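S.K.: let me see the structure of the following:
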Amino acid sequence: MHQVDIFLAQGFEEIELVTVVDILRRANINTRLIAVADHTAVTGAHQITIEADLILQQAGSEAQMLVLPGGGPGTQAMMASAELISRLKAHFAAGRPIAAICAAPMVLAKADLLRENKATCFPGCEAPLLTAGAIISGGDVVVDGLITTSRGPGTAAAFAFELVRQIKGEAIAQALRTEMLFD
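M.R.: Down below sits the predicted model:
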């Protein structure tokens, strides 16, 4: 069974979280929301509170893909989580994909997962990626090996459809795009 774990921390970008979760679940991909803090109620950057399924300490490592939504404060909180950084490194070392949008590619940079990889991010967040050895690309959604990155709230749907494509294939991703009137 396909499983995606999406991590959220206080100050996450709501559009990036909800859009991705919604599209993945419409594609019948088992998607869990994992709170980085020690409580499941997490408030986003625009004061919308989301109830996570469980906290990071309760989540196993069986996910096929890990996803990080952006948002400045949420990204900073994820960067401060040694447990999350460790989990990202282990997941990547096991040859499994990771995706991050907006400011969250900075978390991947901190985990040293972007060296010599093409990546994109929210404008103004490039410096940490460059310092970590990433090759900045201007695309809305950039896939390089096991890493998928995207620019921000306006690219959340394109990002989510790309994740569906990677997990379920082009035909299902395209059918969902059509069904949701994205074509």
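S.K.: now for Met78: which residues touch it?
M.R.: Phe7, Ala9, Val36, Leu68, Leu84, Ala104, Val107 (CB atoms under 8 Å, 6 or more residues apart in numbering). (Each C-beta comes from the backbone N, C-alpha and C, glycine too.)
S.K.: hmm, Leu84 is touching Gln57, no?
M.R.: No. If you go by CB atoms under 8 Å, Leu84 and Gln57 don't touch, sitting 10.7 Å apart.
S.K.: looking at these two, which one has more neighbours?
M.R.: Shown here are Leu84 and Gln57; by other CB atoms under 10 Å, Leu84 has more neighbours (22 against 10).
S.K.: quick check: that one is in a helix.
M.R.: Yes. According to DSSP: H, G, I helix; E, B strand; the rest coil, Leu84 belongs to a helix.
S.K.: could you measure from it over to Ala158?
M.R.: 25 Å (CB to CB, to the nearest Å).
S.K.: what about Val143, which SS state?
M.R.: strand.
S.K.: got a list of what the closest residue to it other than its chain neighbours touches?
M.R.: Closest residue in space to Val143, ignoring its immediate chain neighbours: Glu162 at 6.7 Å, by CB to CB, 6 or more residues apart in numbering. By CB under 8 Å, 6+ apart, Glu162 lies in contact with Val141, Val143, Thr148, Ser150, Ala173.
S.K.: could you dump those residues into CSV with pLDDT and distance to Asp22 added?
M.R.: As requested, the contacts of Glu162 are exported to CSV (pLDDT from 0 to 100; distance: CB to CB, whole Å):
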residue, pLDDT, distance to Asp22
Val141, 98, 17
Val143, 98, 21
Thr148, 98, 18
Ser150, 98, 16
Ala173, 98, 14
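S.K.: among those residues, which two are most distant?
M.R.: Distances among these were taken as CB to CB; the most separated pair is Ser150 and Ala173, at 14.8 Å.
S.K.: which of those two has more neighbours?
M.R.: Between Ser150 and Ala173, Ser150 has the larger neighbour count (other CB under 10 Å), namely 32 against 20.
S.K.: hmm, that one is touching Ala158, no?
M.R.: Yes. Counting by CB under 8 Å, Ser150 does reach Ala158; the two are 7.0 Å apart.
S.K.: need the residues touching each of these two.
M.R.: Asp140, Val141.
S.K.: any idea how far the nearest residue to Ala156 once chain neighbours are set aside lies from Ile6?
M.R.: Distances taken as CB to CB, 6+ apart put Thr19 closest to Ala156, at 3.9 Å, once the chain neighbours are dropped. Taking CB to CB as the measure, Thr19 falls 11 Å from Ile6.
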